[in-house]
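> kindly generate the corresponding structure for this input.
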Amino acid sequence: MVSVADLSDPDLLLPSVLPFKRTQLTDRYPKGHSRGRHWKHLKQIIQAENYHLHPADEPSYVSIEAPPSMYPAKKYCDITGFEAPYTDPRTKLRYSNAEVFKKIRFLPDEQIQGYLSLRNAAVVLK
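Residues are numbered from 1 along each chain as shown. Predicted structure coming up:
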C-alpha cells in the first residue's frame, strides 16, 4: 500500500525529465551561443573567395558583366506591362489579353505612335 509520505515525492508522480518532450531552445542554446547557422553578407563572401585571384572575364559576384542569355527576350504588353504573347497586326502593338486588344483598336494614331516610340519601334501607320 502507498503511504502519504510516498506521494509527497515529486519524482514518483512526475519524473523531472520527460523523454518524449522536446528540449527548449534556451536549454540547447544558452544565451550568447549560436544555433549552428551563420549567414554571410556579400562583403564576407567576396573576401573569403579571393576574387582578385580569378580572371577578370569570368562572371562572379563582383562583376556585373555576364554572357548574353541563351533564352529569347521576353515581350511585354505596351499598355499594361504584363507578358504579351500577342501582337496586333495593324498597329504592331503588343498586348496581353483580349480586353487590352479592344482598347488598342480604339486608340488614336498619335497615342499608338507614342507607345511604339517608347519601345523604339518606329512604325509608320497607314
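> pull the contacting residues for residue 101.
Under the criterion of C-beta atoms under 8 Å, 6 or more residues apart in numbering, the contact partners of residue 101 comprise 86, 88, 95. Where you see a C-beta, it was placed from the backbone N, CA and C, and this is true even at glycine.
> what about burial for the residues you listed, which qualify?
88, 95 (16 or more other C-beta atoms under 10 Å).
> quick check: longest helix of the chain.
Here the longest helix in the chain is taken by residue count, with DSSP state H as the criterion, and it is helix 109-118.
> residue 104: which element?
Take DSSP states H and E as the rule and residue 104 turns out to sit in helix 98-105.
> and that helix, which residues are buried?
100, 101, 104.
> quick one: which of those residues is nearest to residue 38?
Relative to residue 38, the closest of the buried residues of helix 98-105 is residue 100; by C-beta to C-beta it sits at 48.8 Å.
> tell me what residue 94 is bridged to.
For residue 94, the residues forming beta bridges with it (DSSP bridges) are residue 87.
> state the number of residues packed around it.
Here the count is done by other C-beta atoms under 10 Å, and residue 94 has 23 residues near it.
> next, the contact list for it, please.
Residue 94 is in contact with 75, 76, 77, 78, 84, 86, 87, 88, counting by C-beta under 8 Å, 6+ apart.
> reformat those as CSV; add distance to residue 39 and pLDDT.
Below are those laid out as CSV (distance: C-beta to C-beta, whole Å; pLDDT from 0 to 100):
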residue, distance to residue 39, pLDDT
75, 38, 94
76, 35, 95
77, 38, 95
78, 41, 93
84, 39, 95
86, 44, 95
87, 45, 94
88, 49, 94
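> before we move on, which element is residue 43 in?
helix 42-49.
> got the CA positions of that helix in PDB?
In PDB, the C-alpha atoms belonging to helix 42-49 read as follows (Å, rounded to 0.1, in the frame of the first residue of the first chain):
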ATOM      1  CA  LEU A  42      28.100  39.700 -49.600                       C
ATOM      2  CA  LYS A  43      31.200  41.500 -48.400                       C
ATOM      3  CA  GLN A  44      32.200  38.500 -46.300                       C
ATOM      4  CA  ILE A  45      31.700  36.200 -49.300                       C
ATOM      5  CA  ILE A  46      33.900  38.400 -51.500                       C
ATOM      6  CA  GLN A  47      36.700  38.500 -49.000                       C
ATOM      7  CA  ALA A  48      36.500  34.700 -48.400                       C
ATOM      8  CA  GLU A  49      36.500  33.800 -52.100                       C
END
